[in-house]
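Give me coordinates for this.
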Amino acid sequence: MSGPFDTVHDVVIIGGGQGGIILAARLRRLGVPTIVVEKNPRPGDSWRNRYKSMCLHDPVWYDHLPYRPFPHDWPVFAPKDKVGDWREMYTKVKEINYWGSTTAKKASYDEAKGEWTVVVDRNGEEVTLRPKQLVFALGVSGYPNVPKIPGAETFEGDQHHSSKHPGPEKYAGKKAVVLGSNNSAHDICAALWEHGADVTMIQRSSTHIAPSNSLMELALGGLYSEEAVKNGIDHHKADLIFASVPYKIMHTFHIPVYEEMKKRDADLYSRLEKAGFLLDFGDDGSGLFMKYLRRGSGYYIDVGASELVANGQHQAQERREHRAHQPEERDADRRHRAAGRPHRLRHRLRLDEPLAGRPGVARGRRPRRQGLGPGLQHHQGPGAVGRRAAQHVEADQPEAALDPRRQPAPEPPLLAVPVAATEGALRRPGHAGLRAGGGAPPAVIV
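Residues are numbered from 1 along each chain as shown. Sure thing, here's the model as predicted:
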């Protein structure tokens with residue numbers, strides 16, 4: 001297959017992870033011809049290729065995919081391979097035009113024609129696509145951030161980024177240093193400790209710790225939980241309620257949650273600080289979700305590893321300066337880097353200079369669908385964030401490829417929200433703009 005595809009596809013989505021396939025499913029429902037290009041061979045490989053102990057830290061009710069929710073007996077926190085297989089099934093069942101083993105090489109935009117020229121390598125063959133809309137769906141954490149450490153090239157042990165971590169088995173009885181202190185670092189440290197490794201975590205800056213049970217009850221329970229479903233709040237209604245809160249005031253809803261979490265988990269936080277672990281609750285005390293929205297990192301949803309740090313079963317040390325090998329530092333058989341991932345679009349695809357200079361292309365990490373200029377969009381975000389963002393495509397201008405006249409089948413109208421929902425997921429009085437209605441409404445399919 002070669003040559004330009006001038007009239008077949010209106011939209012090209014670069015990235016076939018969760019955000020890409022969610023948006024593609026929405027566009028297919030709207031009747032918009034779309035191609036998803038993905039460097040991995042199969043849908044779900046971005047999950048399958050991660051470290052063995054990886055599981056979702058969000059509950060099942062938060063992570064449903066549009067039009068195809070998880071079964072009722074799905075695990076609350078699904079393991080990575082199960083998630084990957086579901087993504088692959090979803091792509092097939094939703095009949096998404098998915099090009100695996102395909103890499104986007106460069107892209108340029110013709111202002112006069114209002115179209116893109118996107119060159120991709122598909123299984124070793126160069127193909128040129130000419131869509132009206134180009135979407136980056138490369139994820140919040142799509143590219144490894146590997147710090148440059150003096151002496152790394154002469155370090156005799158094993159060293160790799162968390163995205164390449166093979167699992168803990170081969171490190172039993174050895175010393176390991178993990179650079180980083182967020183979700184991946186804690187998961188990997190815990191698995192290494194369980195397999196008999198002597199683990200030290202190097203902490204670059206303070207980390208927000210949110211114990212899973214407290215987070216599920218205090219922050220998510222009112223909207224995304226079994227209790228919420230029993231109260232008539234499925235993920236469709238939960239998304240609507242959550243989206244009704246403007247970002248500008250959202251932090252005020254979260255601050256009371258984390259004040260309560262500080263009280264509830266005071267013993268854990270005290271022991272972590274005594275162990276030398278640096279804690280924070282965000283810039284203004286608004287905790288995990290706002291920290292995610294603002295910077296995309298800096299937190300750990302605690303499913304047990306924090307107890308290991310607090311009890312001294314693996315060490316936490318503040319990082320002042322990295323040296324791959326110094327006599328006074330801790331000897332190690334391996335070094336693992338869980339230092340996060342860069343987020344700038346300019347680093348992810350070769351863009352023409354006029355495009356690269358547009359305001360917003362290399363700005364921020366807001367996990368939602370963003371307009372970055374004519375015909376260019378940015379779509380990312382886990383779980384409910386990506387699901388909500390995909391619904392925004394109907395708001396595009398009539399002259400754009402995402403034609404608002406192409407509508408899916410009629411859907412039930414939105415009805416009054418039950419009283420229980422107006423108390424909010426954050427266990428505080430309802431917002432003035434959210435009025436209670438009587439009884440639980442029927443399901444709303446969006």
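
ok, which stretches of the stretch 1-150 of the chain are strands?
Taking DSSP state E, counting those that start in this stretch to define them, one finds strands in the stretch 1-150 of the chain at 11-14, 34-37, 98-99, 102-110, 115-122, 125-129, 133-136.

Adding mean pLDDT, mean neighbour count and distance to Tyr62, write the ones you listed out as JSON lines.
From N, CA and C alone the C-beta is placed, and that goes for glycine too. Formatted as JSON lines, the strands of the stretch 1-150 of the chain follow (pLDDT from 0 to 100; neighbours: other C-beta atoms under 10 Å; distance: least, C-beta to C-beta, whole Å):
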{"stretch": "strand 11-14", "mean pLDDT": "95", "mean neighbour count": "26", "distance to Tyr62": "23"}
{"stretch": "strand 34-37", "mean pLDDT": "96", "mean neighbour count": "25", "distance to Tyr62": "23"}
{"stretch": "strand 98-99", "mean pLDDT": "97", "mean neighbour count": "20", "distance to Tyr62": "24"}
{"stretch": "strand 102-110", "mean pLDDT": "93", "mean neighbour count": "17", "distance to Tyr62": "30"}
{"stretch": "strand 115-122", "mean pLDDT": "93", "mean neighbour count": "19", "distance to Tyr62": "33"}
{"stretch": "strand 125-129", "mean pLDDT": "94", "mean neighbour count": "16", "distance to Tyr62": "34"}
{"stretch": "strand 133-136", "mean pLDDT": "92", "mean neighbour count": "26", "distance to Tyr62": "23"}
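
I'd like these as TSV, with distance to His195 appended.
Output for these, formatted as TSV (distance: least, C-beta to C-beta, whole Å):
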stretch	distance to His195
strand 11-14	37
strand 34-37	37
strand 98-99	36
strand 102-110	35
strand 115-122	39
strand 125-129	43
strand 133-136	38
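
Do a quick rundown of the helices in the stretch 201-350 of the chain.
Assigned by DSSP state H, counting those that start in this stretch, the helices in the stretch 201-350 of the chain fall at 212-214, 226-230, 235-243, 247-264, 266-274, 287-295, 305-310.

Quick check: mean pLDDT of the fifth one?
Spelled out, it's helix 266-274. Across helix 266-274, the average pLDDT comes to 97.

so what secondary structure elements neighbour that helix?
Packed against helix 266-274 by the contact rule (3 or more C-beta pairs under 8 Å, 6 or more residues apart in numbering; DSSP states H and E) you find strand 208-211, helix 305-310.

Asn183: which of those is closest?
The closest of these to Asn183 is helix 305-310. By C-beta to C-beta, the value is 9.4 Å.

circling back to that earlier point, tell me which of the strands of the stretch 1-150 of the chain sits nearest to Ala197.
Nearest of the strands of the stretch 1-150 of the chain (C-beta to C-beta): strand 102-110, 35.4 Å.

Once you drop chain neighbours, what's closest to Gly386?
Gly19 (4.5 Å; C-beta to C-beta, 6 or more residues apart in numbering).

from what I can see the one you found touches Arg87, true?
No: counting by C-beta atoms under 8 Å, Gly19 does not reach Arg87; the two are 11.1 Å apart.

Can you check which residues contact both of the two?
Listed as contacting both Gly19 and Arg87 by C-beta atoms under 8 Å, 6 or more residues apart in numbering is no residue at all.

Out of these two, name the residue with the larger neighbour count.
Just comparing Gly19 and Arg87: by other C-beta atoms under 10 Å the higher neighbour count belongs to Gly19, 30 against 22.

about what we covered before: ok, of the helices and strands packed on helix 266-274, where does mean pLDDT dip lowest?
Among those, helix 305-310 carries the lowest mean pLDDT (a mean of 95).

Show me what that helix is packed up against.
Going by 3+ C-beta pairs under 8 Å, 6+ apart, helix 305-310 lies up against helix 183-194, helix 266-274.

nearest to Asp234, of these?
Asp234 lies closest, by C-beta to C-beta, to one member of those: helix 183-194, at 26.9 Å.

Mind checking the pLDDT average for the closest one?
Here helix 183-194 scores 94 as its mean pLDDT.

so how far is it from its chain's centroid?
19 Å (C-alpha atoms, centre = their mean, to the nearest Å).

In the stretch 251-400 of the chain, what residue spans correspond to strands?
Along the stretch 251-400 of the chain, the segments classed as strands by DSSP E, counting those that start in this stretch run 299-302, 315-318, 334-337, 350-351, 370-373, 376-378.

partner strands of the first one, parallel or antiparallel?
Spelled out, that is strand 299-302. Applying DSSP bridges, strand 299-302 is found paired with strand 208-211 (parallel).

Please list the residues outside the partner strand that contact it.
Applying C-beta under 8 Å, 6+ apart, the contact partners of strand 208-211 are 219, 258, 261, 265, 268-269, 272, 279-282, 287-288, 291, 298-302, 306.

what's near enough to touch the residue lying closest to Ala190 once chain neighbours are set aside?
Nearest residue to Ala190 in three dimensions, chain neighbours excluded: Ala305, at 4.0 Å (C-beta to C-beta, 6+ apart). Listed by C-beta under 8 Å, 6+ apart, the contact partners of Ala305 are His186, Asp187, Cys189, Ala190.

among these, which two are most distant?
By the measure C-beta to C-beta, Asp187 and Cys189 form the most distant pair in the contacts of Ala305, at 7.4 Å.

Of the two, which one has the most company?
Cys189 (29 against 26).

one step back: can you tell me how far the residue nearest to Gly386 is from Ala137?
4 Å (C-beta to C-beta, to the nearest Å).

Check Ala219 too.
Taking C-beta to C-beta, one finds Ala219 at 26 Å from Ala137.

ok, these two, which is more surrounded?
The neighbour count for Ala219 versus Ala137, taken as other C-beta under 10 Å, is higher for Ala137 (28 against 23).

This completes my enquiry, with thanks.
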